[in-house]
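Undergrad: Build the 3D model from these lines:
(chains A, B and C)
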Amino acid sequence: MPETILPVRDYDLAGTLDSGQVFRWTRSDGDSPASSWTGVVGDRVVHLTQREDGIHAETPGSAGNWDWLRHFLQSDVDLASILKTFPDDEPMRRAVAACRGLRVLRQDPWECLASFILSSTKQIVQIRQIVANLCDCFGEPIIGNARRPCLTPHALPSAEKIASLTEVQLRSCKMGFRAPNLLAAARQVAGGQFDLERLRTMSYADALHQLMALRGVGKKIGDCVLLFAYGFDSAFPVDVWVERALRELYFPKRRPSEKKLRHFAATHFGPHAGYAQQYLFHYMRTKR
DNA sequence: GACCAGGACCATT
DNA sequence: AATGGTCATGGT
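TA: Okay, here's the model as predicted:
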């Protein structure tokens, strides 16, 4: 089985894979002290383990030069230089101290868009379950991993595949009112009316505007896709946790208006605001 | 059994 | 511009 070591330091694999960016990774370390995870990147099953000398990776079948994994993990980015751009205030210092090595991943755009269309008013554990249902029922099986037939991993279904389904079939995955939104997005992507690749060439504002034209995609989900799939580091998704972080950590006592809060979020956190947002999010979710 | 969840959207004030 | 209801579902 192909394997490699990514000699990366300052990388919290567990925190990163469990910080609500991706929904298909499961811990597989039993009682071992090392943090070990299994997931799917594209059409490959990957097993990752965090050790002293870096992240150990193995995948059945062919791994090529592993660039696809370095890209997904963003293991070559200089985290320290990003942290330097964070505002020098008490909330950020606390969040950074509490989430050492937290990274922002780089996902496939369709997987990211589909996942976050399904994320609306759902807890992360439930998003995981919905995405798992969707992959198990309609994703392409990944062959060569048949430990047991019922555990055959599946890729996330393509836009074309989902576009060929019915709303009733999608609802069987327990995604509720999100089903028509996912179906509509899949049809537009599969039919070529919506070009996910073209977003790469656009400005942040234009790309966000495009995404928000999709039913079920507002500012928050649009920002998640731009940050997690396209690397627009200025995107600053504000969900209930981040809003709580802003109000509690930056405006205790006062009650800033929604508009004022959005202005603060858009101007205070610098060129890598998206990273700062992820630190605040994970900090709020894991403290206490 | 309430309450809430990585929201978006539409109808009222 | 700011609230309020609605949409499904299940964990805590």
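Undergrad: Give me the secondary structure label for the closest residue to residue A:265 other than its chain neighbours.
TA: Once flanking residues are discounted, residue A:265 sits nearest to residue A:236: 5.0 Å by CB to CB, 6 or more residues apart in numbering. The C-beta positions use only the backbone N, C-alpha and C, and glycine is treated the same way. Secondary structure state of residue A:236, per DSSP: H, G, I helix; E, B strand; the rest coil, is coil.
Undergrad: Tell me how many other residues crowd the residue in the stretch 101-250 of chain A that DNA strand B sits nearest to.
TA: Closest contact between the stretch 101-250 of chain A and DNA strand B, by CB to the nearest atom of the strand, is at residue A:218 (2.6 Å). Using other CB atoms under 10 Å, residue A:218 has 11 other residues around it.
Undergrad: what does residue A:101 give?
TA: Applying other CB under 10 Å, I find that residue A:101 has 15 neighbouring residues.
Undergrad: Surely it is in contact with residue A:15?
TA: Yes. Residue A:101 is within contact range of residue A:15, at 6.7 Å (criterion: CB atoms under 8 Å).
Undergrad: Could you report the separation of the residue nearest to residue A:8 when sequence neighbours are not counted from residue A:188?
TA: With sequence-adjacent residues excluded and distances taken as CB to CB, 6+ apart, residue A:8 is closest to residue A:75, at 4.4 Å. Counting by CB to CB, to the nearest Å, the separation of residue A:75 from residue A:188 is 33 Å.
Undergrad: quick revisit: is it true that the residue nearest to residue A:265 touches residue A:274?
TA: Yes. Using CB under 8 Å, residue A:236 is in contact with residue A:274, at 6.1 Å.
Undergrad: okay, these two: which has more neighbours?
TA: residue A:236 (27 against 22).
Undergrad: Okay, strands next: where are they in the stretch 51-200 of chain A?
TA: A:54-58 (DSSP state E, counting those that start in this stretch).
Undergrad: neighbours around the closest residue to DNA strand C within it, how many?
TA: Here the stretch 51-200 of chain A gets closest to DNA strand C at one residue, residue A:176, 2.3 Å apart by CB to the nearest atom of the strand. Residue A:176 has 13 neighbouring residues, counting by other CB under 10 Å.
Undergrad: and if you look at residue A:216?
TA: Residues near residue A:216, counting by other CB under 10 Å: 18.
Undergrad: same question, residue A:43
TA: Using other CB under 10 Å, residue A:43 has 15 neighbouring residues.
Undergrad: What of residue A:158?
TA: For residue A:158, the neighbour count with other CB under 10 Å is 18.
Undergrad: which residues does it contact?
TA: Listed by CB atoms under 8 Å, 6 or more residues apart in numbering, the contact set of residue A:158 reads A:110, A:140, A:190.
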